[in-house]
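In: Here is a sequence with its predicted model. Questions after.
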Amino acid sequence: MKWIRAVVSLLIAAAIFWGLDNRHGLVPPAGKLLNPFAGFWQNGTRGDTPLADLAVPGLRDEVRVAWDARHVPHVFAANDHDLYFAQGYITARDRLWQMEFQARYSAGRLAEVIGRAGLESDRFNRRFGLGWAAERAVEAMSRDPKARESVEAYADGINAFTGGLRRKDYPVEYKILDYSPEAWTLLDTALLLKYMAYDLTGYNDERWMTAAKKALGEAALDELFPFEPPKFVDPIIPPGTAWDFTPVPLPKPGEPAAPGGTKDPAFRASPPRPRSRATPPDPDRPEVGSNNWAVSGARTKSGHPLLANDPHLRLTLPSIWYEIQLSAPGTNAAGISLPGTPLVIIGHNDRIAWGFTNGGDDVLDWYAVRFRDESRGEYLYDGAWRKTSVRSEVIKVRGERPVVDRVIYTHHGPVVWLEGEPEPANKSIPAGAALRWTAHDPSNEFLTFYRLNRAGDYDGYLEALASWECPAQNFVYADADGTVAIWHNGKFPLRPKGQGRYILDGSNPADEWTGRVPYAHNPHVKNPPRGFVGSANQKPADASYPYYLGWDYASFERGTRIVEVLAGMKDITPEDMVRMQSDTLSVRARMALPRLLREIRDRDLTAAERWALNELKGWNFENLAGLAAPTIFSQFWSDFNEETWNDEKKGDLWGMRWPRSEVVIDIILNHPDSAYFDDKATPQRETMGDIANAAFRASVRTLQSKCGPPGRSWTWGEWRKAGIGHLGRIPGFGREKLAMNGGGNALNASGPGFGPSWRMVVELGPEVKAWGIYPGGQSGNPGSRFYDDMVDDWLAGKPDELVFLKSVGEPHPGIVARTTLRGGK
Amino acid sequence: MIAVLACALVMLVLQVLTPFWWWVMIVPFVYGAAAAKSGWQALRTGLFSACLLWLGAGLYLFLAGSRIIAGRVAKMFGLGQSWLMVLVTALVAAVAAGVSGYAGYAIRAIFKPAKPKGAG
């Protein structure tokens, strides 16, 4: 009896011990987590107090930090090494888990900490070659002493912080997921940049375009997805700008390879399978929505140039950005940094300001590969068999045996998905094709940031841009002397028009990239007569530009809006720029809706339809959270496209997108009799009016079924309510539903989970003034007051005036604390 | 009562000095195996000492800056209110410590000669 009692009670105690000490699936180890002395209770607001004076081994000299009321550090160091060392240390203090998790994600090492659930994304990121690319980037950055010093010192700073951590000091996510921080390396920093490159240039359409070409013919695609947009579309570089270079000759388009090659390869590779709406056909992508512009002093009230930038990205908490000022002899820059990488990424110094929007060019191609046999040891190239190489990726899986993935590389790059394997979550990947991507080429983007942080004039900016390759960006620029400029900048393959629009032939040398567009020939303009420059991810230049860079740019609305608003303003103030960033006008609706409404027959309308029609008729085209019209238009536009294009898309073209809005609007306004409106499935011929009426009724039905009877639940804010989720998707760690103004094609582009990740306005001149805000807060600690404290003002479109110190001792009402870091043993 | 306070004090010291949560199981276990007079006493002492310590510490931290994180963790666990985490924390410690104290006593009881009937 005693034995039984002892054994049973011991077993129960052991079970409780085991249960509380270990993670179970995604349920955290409750004993560790709840322990008031080392668990989550230790992640309170204590870290909100600025860092106390302390000795940090590794610093060469004294570093002084002033903290402003928004918990932004202003770092003053005696040399570059100490500056970036301190940046690493301070950023780690606020954002350690985030930077490590993001690098881990990029490396394909998620399963190591979250278990099997991370395996698919790990395999995919490794197949895509992000780790391989990062390794090559480390080599490239190591060749430049300046870039290397900043990246190394930054890593040392992070490790100086992590080395001093006790378990109770770990960010709470480590405690929930039950693992420990690792030492930071140069590779981690490079991985973050490659992740950004994937996020911004990884999107492509070759798979669907190739299938569509087979079904519809190339002529139809050239009409629906034209290389040159309709006349009313504004490119980034103002039409009429003279090109200040002599173009190099373009390579000739590839001739079909010898018999046995893989011309027309997609149909050897598996065709896309029909599936109901697995990818949204709407071409507006989350990363598309960024704006930037700069206005010359001739158009501003103060006479000084103004620069504005709001890069749009997927939004998460902790926020992707960390605000910081970095000053040392030769540099004094402020703005946002990317946790895990040194330097200021977007911002200004006392002379210049700069910002980015994504380029959207085609820098990623797929080459269909013909393997000799099932071993995939050889592939056909130029009439002969070449050996493939294999990179063995060992994916550690928590609680299980490691998974080894043999990734096959041709000279083009990795083969991401092999026929017969489960299809990746990213549906744009063609089976059996090798990936050629500029982000795989060794490059040193850090040097660009290093030089931008220090540039004092236009020449300095140009020098900085020269080392930038991928992801290609629109670099907007303004300086204290009054120059404004924009460069559509990156490494672009030198290629015949249209190359890479469809899957290329991996056996045909004529389909290869033969070189790059010379850097100085990238589209650019300096001080245009109209007095401003700007970009919104749209096509960089008109047909006069001699090189082909891509075809799949953002739709035209925001670009048009920037031009019309800036052209219509005089005596522009920073407040005007702030208002403009929150502009909600839908150019799409303004152009298309009046014409479509003329088609709506108002006989036989139901009460709901009549209500919806009146909302649309009385609408001023502003996408405001309190209005129902934006919701109705958005659904109407979607149904109108659906009704128009679905018969063209046919059975297995589910992944094919709708044509861009400028093409659809061009047809609506200028070709209303187009045969595209005819539904091929019916015997009679449908007109635009038939389609518009059907779409309008369908959209009202949809809204009624989703939102109930017309009223408050139909408003834009309610319809699109979305929160900002936690980076690791931990429930309760994000921000709950937010009713946002704006929308996909307004300047204030936002939507579920994406939006302006940073809004900045800078006024240059003798005194630099800047305003900025991002949807989050400086601290990555979910228990901090600074975790999401900027979200409400961000939502309201109210940026803060930013503190920019000339010296660390400068008295400033915004500074709340000062810290001295000294070198130590 | 003295045993409860003594156990709580020992746990407090060990928990401050080390990051391990399981002192709230080890200390009651040792107490149960070495000093408790009955299984019930071992259970009770473990339960109250650990509950006292984690409730006190949790409550102190809740009031001293950890309310926000408690609210988020409560949401993660599907609980509505941040203060519930103080109770959950104390409850987990109490159950783990009570069972462990009892197990400690039960192990010792194997080696203890049975008490003569009518004694004590």
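Out: Perfect, thanks for sending it.
In: Any stretches of the stretch 651-800 of chain A with poor pLDDT?
Out: A:651-655, A:744 (pLDDT under 70).
In: all helices in it, in order from the N-terminus.
Out: A:661-670, A:688-707, A:716-719, A:791-795 (DSSP state H, counting those that start in this stretch).
In: With chain B instead?
Out: Applying DSSP state H to chain B gives helices spanning B:2-17, B:23-34, B:39-63, B:67-76, B:84-111.
In: Tell me which of the ones you listed lies nearest to chain A.
Out: Nearest to chain A, of all the helices of chain B, is helix B:67-76, at 2.7 Å by Cβ to the nearest Cβ. Backbone N, C-alpha and C define where each C-beta goes, glycine included.
In: Output the closest one as CSV, restricted to C-alpha atoms.
Out: Output in CSV follows, covering the C-alpha atoms of helix B:67-76 (Å, rounded to 0.1, in the frame of the first residue of the first chain):
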residue,chain,number,x,y,z
ARG,B,67,0.2,44.6,-15.9
ILE,B,68,0.6,45.0,-19.7
ILE,B,69,2.5,41.8,-20.3
ALA,B,70,0.1,39.9,-17.9
GLY,B,71,-2.8,41.2,-20.0
ARG,B,72,-1.2,39.9,-23.2
VAL,B,73,-0.2,36.5,-21.8
ALA,B,74,-3.8,36.3,-20.4
LYS,B,75,-5.1,36.8,-23.9
MET,B,76,-2.7,34.2,-25.3
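In: list the helices and strands it packs on?
Out: helix A:172-177, helix B:84-111 (3 or more Cβ pairs under 8 Å, 6 or more residues apart in numbering or on different chains; DSSP states H and E).
In: switch to 10 Å and redo it
Out: With contacts taken as 3 or more Cβ pairs under 10 Å, 6 or more residues apart in numbering or on different chains; DSSP states H and E, helix B:67-76 sits against helix A:30-34, helix A:172-177, helix B:39-63, helix B:84-111.
In: Ends of stretch A:230-244, what's the gap?
Out: Start-to-end span of stretch A:230-244 (Cα to Cα, to the nearest Å) is 26 Å.
In: Now it: buried residues?
Out: Under the neighbour-count criterion of 16 or more other Cβ atoms under 10 Å in any protein chain shown, stretch A:230-244 has A:233-238, A:241, A:243 buried.
In: For chain B, state which of the residues you listed is nearest.
Out: Among the buried residues of stretch A:230-244, A:I236 lies closest to chain B (Cβ to the nearest Cβ), at 42.4 Å.
In: was I right about the closest one contacting A:L549?
Out: No - the pair A:I236 / A:L549 is not scored as a contact, 11.2 Å apart, by Cβ atoms under 10 Å.
In: what sits in contact with each of those two?
Out: Listed as contacting both A:I236 and A:L549 by Cβ atoms under 10 Å, 6 or more residues apart in numbering or on different chains are A:359, A:488, A:523, A:539-541.
In: Would you mind giving those as JSON lines with secondary structure and pLDDT added?
Out: Shown next, in JSON lines, are those (DSSP: H, G, I helix; E, B strand; the rest coil; pLDDT from 0 to 100):
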{"residue": "A:G359", "secondary structure": "coil", "pLDDT": "93"}
{"residue": "A:H488", "secondary structure": "strand", "pLDDT": "98"}
{"residue": "A:P523", "secondary structure": "coil", "pLDDT": "98"}
{"residue": "A:K539", "secondary structure": "coil", "pLDDT": "96"}
{"residue": "A:P540", "secondary structure": "coil", "pLDDT": "97"}
{"residue": "A:A541", "secondary structure": "coil", "pLDDT": "97"}
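In: where does A:P471 fall, phi/psi-wise?
Out: phi -80, psi 140 (degrees, to the nearest 10).
In: if we can go back for a sec, from the shared contacts of A:I236 and A:L549, which are also near chain B?
Out: Near chain B, taking Cβ under 10 Å from any Cβ of the partner chain as the test, no member of these is found.
In: quick check, nearest of these to chain B?
Out: Nearest to chain B among the shared contacts of A:I236 and A:L549, with distances taken as Cβ to the nearest Cβ, is A:G359, at 37.7 Å.
In: With mean pLDDT as new columns, can the helices of chain B be given to me in JSON lines?
Out: Conversion of the helices of chain B to JSON lines gives the following (pLDDT from 0 to 100):
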{"stretch": "helix B:2-17", "mean pLDDT": "95"}
{"stretch": "helix B:23-34", "mean pLDDT": "95"}
{"stretch": "helix B:39-63", "mean pLDDT": "96"}
{"stretch": "helix B:67-76", "mean pLDDT": "96"}
{"stretch": "helix B:84-111", "mean pLDDT": "95"}
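In: Check A:K806 and give its pLDDT.
Out: Here, the pLDDT recorded for A:K806 equals 95.
In: Please identify which of the shared contacts of A:I236 and A:L549 is nearest to A:R685.
Out: Of all those, A:K539 has the smallest distance to A:R685: 33.7 Å, by Cβ to Cβ.
In: Quick one: residues contacting the nearest residue to that closest one once chain neighbours are set aside.
Out: Of all residues not flanking A:K539 in the chain, A:Y553 sits nearest, at 4.4 Å (Cβ to Cβ, 6 or more residues apart in numbering or on different chains). Listed by Cβ under 10 Å, 6+ apart, the contact set of A:Y553 reads A:229, A:233, A:235-236, A:283, A:288, A:358-362, A:536-540, A:559, A:660.
In: 8 Å instead?
Out: Contact analysis of A:Y553 by Cβ atoms under 8 Å, 6 or more residues apart in numbering or on different chains lists A:360, A:537-540.
In: what's the spacing between it and A:E182?
Out: As for A:Y553, its distance to A:E182 is 39 Å (criterion: Cβ to Cβ, to the nearest Å).
In: For A:W132, what are phi and psi?
Out: Reported as degrees, to the nearest 10, the phi and psi values for A:W132 are phi -60, psi -50.
In: check contacts around it.
Out: Here A:W132 is in contact with A:391, A:414, A:440 (criterion: Cβ under 8 Å, 6+ apart).
In: Buried subset of those as a PyMOL selection?
Out: Of these, the buried ones go into a single PyMOL selection, burial set by 16+ other Cβ under 10 Å:
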select buried, chain A and resi 414+440
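In: For A:I346, state which of the contacts of A:W132 is nearest.
Out: A:H440 (24.9 Å).
In: Which strand or helix spans the nearest residue to that closest one once chain neighbours are set aside?
Out: Spatial nearest neighbour of A:H440, chain neighbours left out: A:A133 (4.8 Å); criterion: Cβ to Cβ, 6+ apart. Assigned by DSSP states H and E, A:A133 belongs to helix A:130-142.
In: could you point out which element follows that helix?
Out: Assigned by DSSP H and E, the successor of helix A:130-142 is helix A:145-163.
In: Rebuild the helices of chain B as a markdown table, extending it with distance to A:P782 and mean neighbour count.
Out: As requested, the helices of chain B are exported to a markdown table (distance: least, Cβ to Cβ, whole Å; neighbours: other Cβ atoms under 10 Å in any protein chain shown):
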| stretch | distance to A:P782 | mean neighbour count |
| --- | --- | --- |
| helix B:2-17 | 23 | 17 |
| helix B:23-34 | 25 | 24 |
| helix B:39-63 | 15 | 22 |
| helix B:67-76 | 5 | 22 |
| helix B:84-111 | 13 | 23 |
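In: Figure out which of those is closest to A:F640.
Out: Closest among the helices of chain B, using Cβ to Cβ: helix B:67-76, at 40.5 Å.
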